[in-house]
Each structure stands twice: as C-alpha cells, then as structure tokens.
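Enquirer: Just to be clear, the model below is a prediction. Sequence and coordinates:
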Amino acid sequence: MKSKIKIIGCGVSGLSVGIILSENNYDVEIITDQLPEHTTSAVAAAIWFPYEVKPKALANIWSKASYIEFLKLSRIANSGVSMTTLTVLVKREEDAWWIDALPENEIRKASAEELPDDFPIGYKMNVPLAETQIYLDFLLNKFKTLNGKVTIRKVESLDEFNNSDALLVNCTGLGSRELINDKALYPIHGQIVKAKPQSEVDCIVADFTFEKSDDRLAYVVPRGDCLVLGGTAIKDKEDTQPNPELTKEIVERCTRIEPKLEQVEIKSVHVGLRPGRPEIRVEREGRIIHNYGHGGAGFTVSWGCAQEVKRLIEDH
Ligand SMILES: Cc1cc2nc3c(=O)[nH]c(=O)nc-3n(C[C@H](O)[C@H](O)[C@H](O)COP(=O)(O)OP(=O)(O)OC[C@H]3O[C@@H](n4cnc5c(N)ncnc54)[C@H](O)[C@@H]3O)c2cc1C
C-alpha cells in the first residue's frame, strides 16, 4: 500500500515536494487555504539566485540541486522555465558566497566594459528564470497528473491530524507563524514593479543595498510578459499595499544599474512578504516534516529542499 502524505501549503515549496513524492509512489494530498496564484510565490521575480537565505552552506547545496532540476525543466516547452544570462553586481569579490552553487562553466567575472558605470565588480552567469504565472500552473497540473489531490481549506492546528496515519509536510511559508507559533519567522517586505517589456534590457541584480538604509534593492528581470523591477527588503513590514514613493525609488535605482531602461511604462505594482528566518527549516519532528522559511530564495532552493524532505521521510 502507498504511504500517505499530507502537505500543507501550495506555493512553490509545497508543489515541488508534492511532485517529488508523487513521482516516488506516495499517495499525496496538498491542503491549502490559497491556490498558487494567491501565494507569495506568485509575486516573486523568480530568478535563480540565493538571496537573503541562510545557512549559506546548505543554501548553496540546495540551490545547486535545484539548478540541475530547473535546467531539465527549461527543456520542456510549456514549463515557464528558461535559462538566461544574469549579471550580478557585488561590492567586493568576497561577497559572492554563492559562486559554489553554480556549475563552474556557467559563471565568469564580468569585464569593466560589461558593467554599468560606478559598479566595477560583477559576474555573468547562466541561470534559470521561472515565469511564475506559467511555472506555478505547470507544477499544479503536473502534480494533479500524478494523481495528487488538492483540498482548499485552512488548517487551524496540526492536532487536526492526530487520528490520521499520514505523514505531514509543513510548507506554509510565513503561515507557520500562526500554525505552529514559530517566533523565528518574520516578514521581509518586497515591492516589485511590472513594466512594459523593453528590448536589449539586461537581467541584472545588485547584491547589496542602496542609500543609507539596508533595505532598498535594485534588480531588473526581463520576462516574456513584462519587466520585473525591484525592490525592497524591509524586515517586519507587514503592509502589502503598494507604496507610490517606493515605486518611484525602485525605477530610479533600476535605471542606475541598467541605463538601457528607457521611459518605464508601469503595468502594475505588487507587494509580497518573504518568509524570513535566521535559517531555513527543513527538519523532521516526529511525523511532521517542516519545509519553510526560504526567505528571498524559495524558487532557488525549491527542488533541493524537496529532495531533502524526501530523504527525511525515507531515512526515518
Ligand atoms: C518581491 C519578491 C521577489 C522574490 N524574488 C525571488 C526570486 O527572484 N527568486 C527566488 O528564488 N525567490 C524569490 N522570492 C522569494 C520566494 O517568493 C519565497 O521564498 C517563496 O515564494 C516561498 O514559497 P513557499 O511555498 O514556501 O511559501 P508561499 O508561497 O507563501 O506558500 C505558502 C502556502 O501555504 C499556505 N498556507 C499557509 N498557512 C496555511 C494554513 N494554516 N492552512 C492551509 N494553508 C496554509 C498558503 O495558502 C500557501 O499556499 C521573492 C519574494 C518576493 C516577495
């Protein structure tokens, strides 16, 4: 008989776990209060990059494992995943702690001519990019094709499953603050601007913060349907209303790192709360396996963490 698994949460973490376990002959149900399009995962720029995620050593291992899976997905026409050249600006070479997460032949130092003025140090790398609206749908459909079941309801307490013989996988992101009272979790406010696509614009991320505050970012991610311009990383800010002043600043900062941006035509502005935590929690606690707290890198580490969940189930 197939072992039963109940996954709570249907963002990128829950779906990746759901697919890996269904493919390995488990009987899997996802229980969620929101479908993917209404999750934090839907707001992400969804470029492969280990940003704001700890511990660094494990983040590198999980990011590398995910890279391999995303590379395979990029060869599937309707997955929403493609490979793209990303320029990453750093203040100092030693800040590039994530170098080891990439295959050696997929990263090199950028020359000064390849970088914007005032930003002399950077890398060029070939990385996966997920168009969230396509990719999350693709994952959900794949999960259902593998006979995965989705039930829409809020789980008020894990005690609801005391009489169940299923193993539980907790993929609730920031929801674990309420569900299991995890006080280590905190929101990291992220505002992004979706603008009309422009040709010739580079995919570029500044891996440092701007101005005097330590929570203002700059990244430009060209996608098929729009340009994603970011962003912010404001700790403990719960407000999900887009802020016009922040929008203006985001466009200004993005134009500094990508001067080829012309008159930006804004289509929409979105805010998501990243599930911040001093460390990602992928851990087994009796018959519950936790997988949450992926900060600003939930896509980047998704497959690596899902493989770790499977290992924790099978090694027990
Ligand atoms: C602006 C922004 C840009 C980002 N850019 C990137 C990027 O470029 N690359 C990258 O790798 N990452 C990026 N991220 C981070 C990434 O989006 C998150 O790390 C990731 O989405 C977390 O996914 P998750 O599935 O763990 O959580 P979520 O997407 O939040 O999903 C949690 C799920 O749990 C469900 N849930 C919660 N509580 C309960 C409950 N009690 N009962 C039932 N269901 C429950 C929710 O409904 C939801 O389905 C970005 C985030 C933001 C905000």
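Expert: The structure has been received and is ready for your questions.
Enquirer: When you work out contacts or count neighbours from here on, use the C-alpha atoms and nothing else.
Expert: Will do.
Enquirer: you'd agree Lys194 is up against Val264?
Expert: No: counting by Cα atoms under 8 Å, Lys194 sits too far from Val264 to count as a contact (9.6 Å).
Enquirer: Looking at those two, which is more packed in?
Expert: Neighbour count, other Cα atoms under 10 Å: between Lys194 and Val264, Lys194 has more, with 22 against 17.
Enquirer: State the distance from Ser63 to the ligand.
Expert: Taking Cα to the nearest ligand atom, to the nearest Å as the measure, Ser63 falls 9 Å from the ligand.
Enquirer: Sticking with that residue, tell me its helix or strand.
Expert: Element membership for Ser63 (DSSP states H and E) is helix 56-73.
Enquirer: Check which helices and strands that helix sits against.
Expert: With contacts taken as 3 or more Cα pairs under 8 Å, 6 or more residues apart in numbering; DSSP states H and E, helix 56-73 sits against strand 81-89, strand 122-130, helix 302-314.
Enquirer: Out of the ones you listed, flag the one nearest Glu245.
Expert: Closest to Glu245 of the helices and strands packed on helix 56-73 is strand 81-89 (Cα to Cα; 24.6 Å).
Enquirer: Does that closest one reach the ligand?
Expert: No: applying Cα under 6 Å from any ligand atom, one finds strand 81-89 separated from the ligand by no less than 11.4 Å.
Enquirer: Pairing partners for the helix or strand immediately after that strand in the chain, with directions?
Expert: Later in the chain than strand 81-89, the nearest helix or strand by DSSP H and E is strand 107-109. Here strand 107-109 is paired, per DSSP bridges, with strand 122-130 (antiparallel).
Enquirer: Tell me if the partner strand is near the ligand.
Expert: No: Strand 122-130 is not in contact with the ligand by Cα under 6 Å from any ligand atom; minimum separation 8.1 Å.
Enquirer: Any part of the following helix or strand past that strand near the ligand?
Expert: Downstream of strand 122-130, the first helix or strand assigned by DSSP H and E is helix 132-145. No: Helix 132-145 is not in contact with the ligand by Cα under 6 Å from any ligand atom; minimum separation 9.4 Å.
Enquirer: Tell me the first helix or strand C-terminal of helix 132-145.
Expert: strand 149-152.
Enquirer: related to what we said a few turns ago, can I get the helices and strands packed on helix 56-73 in CSV with mean neighbour count and mean pLDDT?
Expert: Converted to CSV, the helices and strands packed on helix 56-73 look like this (neighbours: other Cα atoms under 10 Å; pLDDT from 0 to 100):
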stretch, mean neighbour count, mean pLDDT
strand 81-89, 21, 98
strand 122-130, 23, 98
helix 302-314, 20, 98
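Enquirer: Serialize these to TSV and add fields for distance to Ser176.
Expert: TSV is the format used below for those (distance: least, Cα to Cα, whole Å):
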stretch	distance to Ser176
strand 81-89	28
strand 122-130	25
helix 302-314	17
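Enquirer: Any idea which of those gets closest to Val17?
Expert: It's helix 302-314; of the helices and strands packed on helix 56-73, that one is closest to Val17 (Cα to Cα) at 4.6 Å.
Enquirer: Residues in contact with the helix holding Ser63: which ones?
Expert: Residues external to helix 56-73 that are found in contact with it (Cα atoms under 8 Å, 6 or more residues apart in numbering): 48-50, 53, 79, 81-83, 97-98, 100-103, 127-128, 300-305.
Enquirer: Same check on stretch 164-175?
Expert: So stretch 164-175 is contacted by 3-11, 13-14, 185-187, 273-276, 287-294 (Cα under 8 Å, 6+ apart).
Enquirer: what about burial for those residues, which qualify?
Expert: 4-11, 13-14, 185-187, 273-276, 288-294 (16 or more other Cα atoms under 10 Å).
Enquirer: Please spell out the segments of the stretch 101-250 of the chain that come in under the pLDDT threshold.
Expert: Residue ranges of the stretch 101-250 of the chain with pLDDT under 70: none are present.
Enquirer: The ligand contacts on that one?
Expert: Residues of the stretch 101-250 of the chain lying near the ligand (Cα under 6 Å from any ligand atom): 153-156, 171-175, 179, 190-192.
Enquirer: From Leu146, how far out is Gly18?
Expert: Gly18 sits 9 Å away from Leu146, taking Cα to Cα, to the nearest Å as the criterion.
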